[in-house]
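Pasting a predicted model and its sequence here:
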Amino acid sequence: MKEFDVTITEKLQAVVTVQAETAQEAEQMVNDQWRSGDHVLDADNFIDVEFEVSKERELAQEKAQSDKTLDVLLVEPGQYPRMVSISGELESLQKTVGGYIQAVYPFDDPVAIVCDEEGKMNGAALNRALRDEDGQIVDILAGPFFVCGLGEEDFASLPKELTEKYESMFHQPESFLKLGSRIMAIPMEPAKPAPMKTDHSIGER
């Protein structure tokens, strides 16, 4: 697939009759009148159109993105995290989280949490808590999500040196209990992993 810039040139033409001493004077008079807005050409004056390709570019970035495989930490409700390989295509990312993707960046490391932006709204199972530096719950992620690295312009594989850190952070499955205005996260035993849908874009490592 290539990308092209195509220039469209429309031609409008009108004949204006003026009285002058010379052709040059007549041309200058009409030029001045046109610049002052006395003559406005519209669709009725259309006579021709031309198309010209001016630039051609290979869509290398698009191809690279579709061919890209990401190694990410997948965290599902009630289950231990696991490393999986997924395609970098948008459709694959959406299948992994079960909906339209939303990326959040709550950490100083060059990583993102990618989840279903409508997970809570659609009643997805609560998954893991996000905590501040004091260990207080600031948010709860709903539905499956994954932790990945950040490239210059898009998502990247989770760096190996950060895999253990985030596996440990989200290792324990959690259930949640509301007590008054407080929400408590309760550690729970992992459920039996749900079988992944057949999708050649997702593979466990």
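Looks like it came in fine.

okay, CA-based contacts and neighbour counts for the rest of this
Noted.

Cys115 pairs with what?
Gln102, Phe145 (DSSP bridges).

and it, how many neighbours does it have?
For Cys115, the neighbour count with other Cα atoms under 10 Å is 26.

How about Phe170?
Around Phe170 sit 21 other residues, with neighbours defined as other Cα under 10 Å.

Please look at it and Leu73 and confirm they touch.
No - between Phe170 and Leu73 there is no contact under Cα atoms under 8 Å: 9.6 Å.

and for the two, which residues touch both?
Between them, Phe170 and Leu73 share these contacting residues under Cα atoms under 8 Å, 6 or more residues apart in numbering: Pro81.

got the contact list for the strand or helix carrying Asn31?
Per DSSP states H and E: Asn31 is located in helix 23-35. Helix 23-35 is contacted from outside by Val16, Val18, Gln19, Ala20, His39, Val40, using Cα under 8 Å, 6+ apart.

Could I have the CA atoms of that helix written out in CSV?
Extracted in CSV, the C-alpha atoms of helix 23-35 (Å, rounded to 0.1, in the frame of the first residue of the first chain):
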residue,chain,number,x,y,z
ALA,A,23,-5.1,45.9,-24.6
GLN,A,24,-2.7,46.2,-21.7
GLU,A,25,-4.8,48.9,-20.1
ALA,A,26,-8.0,46.8,-20.5
GLU,A,27,-6.2,43.8,-18.9
GLN,A,28,-5.0,46.0,-16.0
MET,A,29,-8.5,47.4,-15.4
VAL,A,30,-10.1,43.9,-15.2
ASN,A,31,-7.3,42.8,-12.9
ASP,A,32,-7.9,45.6,-10.6
GLN,A,33,-11.7,45.0,-10.7
TRP,A,34,-11.2,41.3,-9.9
ARG,A,35,-8.9,42.1,-7.0
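
Please identify the buried residues of it?
For helix 23-35, burial by neighbour count (16 or more other Cα atoms under 10 Å) applies to Val30.

chain center to that helix, what's the gap?
Centroid separation between helix 23-35 and its chain, computed with Cα atoms, centre = their mean, to the nearest Å, is 53 Å.

repeat for stretch 70-82
21 Å.

mean confidence for that stretch?
Averaging pLDDT along stretch 70-82 gives 96.

Surely Glu164 forms part of a strand?
No - assessed with DSSP: H, G, I helix; E, B strand; the rest coil, Glu164 is helix; it does not lie in a strand.

Out of the helices and strands in this protein, which is least certain?
In the chain, the helix or strand scored least confidently by mean pLDDT, DSSP states H and E is helix 60-67, which has a mean of 54.

Could you chop this protein up by domain?
Here the domain parsing of the chain from automatic domain parsing is 2-58, 62-204.

Lowest average confidence across those domains, which one?
The stretch with the lowest average pLDDT out of the domains of the chain is domain 2-58, scoring a mean of 82.

starting at the chain centroid, how far to it?
Per Cα atoms, centre = their mean, the displacement of domain 2-58 from the mean C-alpha position of its chain is 41 Å.

Wasn't Ile8 part of a strand?
Yes - assessed by three-state DSSP, Ile8 belongs to a strand.

Packed most tightly, which of the domains of the chain would that be?
Highest mean neighbour count of the domains of the chain: domain 62-204, a mean of 16 (counted as mean count of other Cα atoms under 10 Å).
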